[in-house]
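Q: Got a sequence here, can you build the structure:
(one chain, ligands or ions: 1)
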Amino acid sequence: MKLFEVYPLLDVAIEKAMGSYVWDDAGQKYLDLYGGHAVISIGHTHPHYVKRIEDQLHKIGFYSNSVKIPIQEMLAEKLGKLSGKEDYHLFLCNSGAEANENALKLASFYNGRKKIIAFKKAFHGRTSLAVAATDNPAIQAPVNETDNIIFLPFNDEEALEAAFKNHEISSVIIEGIQGVGGINVASNAFLQLIRKLCDTHNAVFIADSVQCGYGRSGKFYAHDFAGVAADIYSMAKGMGNGFPVAGIAVAPKFKAKHFMLGTTFGGNHLACAAALAVLEVMEEEQLMSNATRIGEYLMDALKQLPNIMEVRGRGLMIGIQLPEAFSHVKKDLLLKHHIFTGEAKPNVIRLLPALNIGITEADIFLEAIKKELQA
Ligand SMILES: Cc1ncc(COP(=O)(O)O)c(C=O)c1O
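A: This is a model prediction of the structure:
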């Protein structure tokens with residue numbers, strides 16, 4: 001059997017990794033500022049993470065959600081504490097799309113409505129509702145088509161007010177910082193207005209924190225900058241540092257009913273051990289402060305460089321908007337300087353490194369991009 005080729009692949013096979021560095025099968029070392037698409041939060045193969053997963057595997061890796069799994073409660077407690085949402089409840093699943101799917105469904109169970117507001121350039125995943133709320137017709141199959149999604153311009157307060165006037169809204173789903181869309185930061189005023197309108201109309205505010213969450217922005221959820229709480233936070237990526245684990249944190253107003261949500265693999269022992277290890281390292285090594293510190297250092301330095309149109313983002317979620325003439329820079333960073341970065345169309349370099357990168361790694365990158373931008 002051959003692989004079903006849905007990914008355009010770089011000609012690199014990564015064989016080992018440590019911290020913010022990876023090595024290919026020829027022994028070439030790379031600096032990883034992409035984090036495998038915002039997934040590596042505490043650095044590759046962090047010793048505490050490896051040990052916790054290994055220890056758990058020797059005890060039990062999986063049992064179904066038909067029995068008590070105390071490590072789920074430990075995870076919920078720690079997550080509540082670190083995210084400042086101690087009175088929320090945690091439902092565990094396996095991927096970002098699944099988290100958003102459950103969030104949208106829970107909102108609809110809650111208020112009995114169907115209409116969802118999503119935004120231009122949003123990405124929420126590839127399952128049926130999540131992909132319908134994603135602003136990319138190329139990845140929606142005919143079966144995903146629905147008139148339940150209303151797409152509005154991002155950060156457009158007037159359009160938002162009008163949509164609430166004209167429709168019975170079930171939920172509003174928004175990334176605190178759009179990732180795939182090119183690192184666009186939701187304004188505080190916009191998030192505050194979403195909160196206000198959802199309160200007035202009994203709609204549900206869903207904070208998609210799959211990419212911008214888990215400390216990447218310098219706060220636990222990027223939406224926290226606005227000083228308002230969402231009703232549901234979806235999370236995945238950085239949550240397991242590469243182990244597939246995801247979840248939704250649900251405000252106390254939602255009442256759980258048996259079987260309203262469910263999954264076979266979600267919240268298994270091994271996934272919880274990985275997720276707990278991540279939170280323990282985040283707390284112990286103060287990674288959110290580090291994300292703020294190194295993020296500011298990088299953004300300040302990038303703003304001094306020539307030929308950059310705009311630098312956007314927060315913490316260690318940074319977008320570098322380049323002119324068309326410099327569209328080759330991402331490729332050159334990889335091929336000439338051995339630095340992995342992410343991208344967004346058109347011509348945005350996306351930095352999504354581990355939250356524990358240091359000034360040394362930031363400087364290696366700044367030196368390399370400076371060379372390319374001056375060339
Ligand atoms: C903001 C956001 N939401 C949801 C998803 C979907 O997550 P997953 O690929 O784990 O299903 C992604 C993935 O890139 C994302 O960036």
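Q: secondary structure class for the residue lying closest to Ser83 once chain neighbours are set aside?
A: Counting by CB to CB, 6 or more residues apart in numbering, the nearest residue to Ser83 once its immediate chain neighbours are dropped is Phe220, at 4.2 Å. The C-beta positions use only the backbone N, C-alpha and C, and glycine is treated the same way. Recorded secondary structure, Phe220: coil (DSSP: H, G, I helix; E, B strand; the rest coil).
Q: Over to Gly295?
A: helix.
Q: Equivalent analysis for Ala207, please.
A: Secondary structure for Ala207, judged by three-state DSSP, is strand.
Q: what ranges of the stretch 51-200 of the chain fall below the confidence cut-off?
A: The stretch 51-200 of the chain contains no residues with pLDDT under 70.
Q: Find the closest residue to the ligand in it.
A: Going by CB to the nearest ligand atom, the ligand is nearest to Gly96 of the stretch 51-200 of the chain, at 2.2 Å.
Q: Next, count neighbours for the residue nearest to Ser83.
A: Residues contacting Phe220 under the criterion other CB atoms under 10 Å number 21.
Q: With the one 4 residues further on instead?
A: Counted by other CB under 10 Å, the residues lying close to Asp224 total 22.
Q: per-residue confidence for the spatially closest residue to Gly176 that is not a sequence neighbour?
A: Nearest residue to Gly176 in three dimensions, chain neighbours excluded: Ala222, at 2.8 Å (CB to CB, 6+ apart). Ala222 is assigned a predicted lDDT (pLDDT) of 98.
Q: just Ala375 next, same as before
A: With respect to pLDDT, Ala375 has a value of 78.
Q: Could you measure from the residue nearest to Gly176 over to Glu361?
A: 22 Å (CB to CB, to the nearest Å).
Q: and the residue nearest the centre of the chain, what are its phi and psi?
A: Of all residues in the chain, the one closest to the mean position by CA atoms, centre = their mean is Gln211, 1.1 Å from it. Note on Gln211: backbone dihedrals following degrees, to the nearest 10 are phi -100, psi -40.
Q: Could you do the one 5 residues further on as well?
A: Arg216 adopts backbone torsions of phi -60, psi -40, taken as degrees, to the nearest 10.
Q: how close does it sit to Asn290?
A: Arg216 is 11 Å from Asn290, where distance means CB to CB.
Q: shared neighbours of those two, which are they?
A: Common contacts of Arg216 and Asn290, defined by CB atoms under 8 Å, 6 or more residues apart in numbering, comprise Leu355.
Q: who has more neighbours, the two?
A: Higher neighbour count among Arg216 and Asn290: Arg216, with 33 against 20, using other CB under 10 Å.
Q: what separates the closest residue to that one other than its chain neighbours from Pro137, distance-wise?
A: The shortest distance from Arg216 to any non-neighbouring residue, by CB to CB, 6+ apart, is to Met317 (5.0 Å). Met317 sits 26 Å away from Pro137, going by CB to CB.
Q: out of these two, which sits in the busier spot?
A: Using other CB under 10 Å, the more surrounded residue of Met317 and Pro137 is Met317, with 28 against 9.
Q: Show the contacting residues for the residue nearest to Arg216.
A: Contacts for Met317 (CB under 8 Å, 6+ apart) come out as 38, 177, 179, 183, 211-212, 216-217, 222, 295, 350-352.
Q: mind checking how far the residue nearest to the centre of the chain is from Glu157?
A: In terms of CB to CB, Gln211 sits 24 Å off from Glu157.
Q: for Gly19, same thing?
A: Distance from Gly19 to Glu157, by CB to CB: 42 Å.
Q: higher neighbour count, these two?
A: Set Gly19 next to Glu157 and count neighbours by other CB under 10 Å: Gly19 wins out with 18 against 15.
Q: what about Glu280, how many residues close to it?
A: 17.
Q: Excluding covalently adjacent residues, which one is nearest to it?
A: Nearest one to Glu280, counting by CB to CB, 6+ apart, is His48 at 6.5 Å.
Q: is it true that the one you found lies in a helix?
A: Yes: counting by three-state DSSP, His48 is located in a helix.
Q: still on that earlier bit, show me the contacts for the residue nearest to Gly176.
A: For Ala222, the contact set (CB under 8 Å, 6+ apart) comprises Glu175, Gly176, Ile177, Val185, Ala186, Ser209, Cys212, Gly213, Arg216, Arg314, Met317.
Q: near the ligand, which residues of the stretch 1-150 of the chain show up?
A: By CB under 6 Å from any ligand atom, the residues of the stretch 1-150 of the chain that approach the ligand are Ser95, Gly96, Ala97, Asn100, Phe123, His124, Gly125.
Q: Scan those and report the most crowded one.
A: Neighbour-wise, these (other CB under 10 Å) top out at His124, 31 neighbours.
Q: wait, does the longest strand seen in the chain contact the ligand?
A: The longest strand of the chain (DSSP state E) is strand 169-175. Yes: contact of strand 169-175 with the ligand (CB under 6 Å from any ligand atom) involves Glu175.
Q: any idea how far whichever helix or strand comes after that strand is from the chain center?
A: Downstream of strand 169-175, the first helix or strand assigned by DSSP states H and E is strand 177-178. Averaging C-alpha positions (CA atoms, centre = their mean, to the nearest Å) puts strand 177-178 9 Å from its chain's average.
Q: Just list what strand 177-178 packs against, helices and strands only.
A: Applying 3 or more CB pairs under 8 Å, 6 or more residues apart in numbering; DSSP states H and E, we find strand 177-178 packed against strand 184-185.
Q: residues of the next helix or strand after the strand it packs on that come out buried?
A: Downstream of strand 184-185, the first helix or strand assigned by DSSP H and E is helix 188-201. Neighbour counts over helix 188-201 (16 or more other CB atoms under 10 Å) mark Phe190, Leu191, Leu193, Ile194, Arg195, Leu197, Cys198, His201 as buried.
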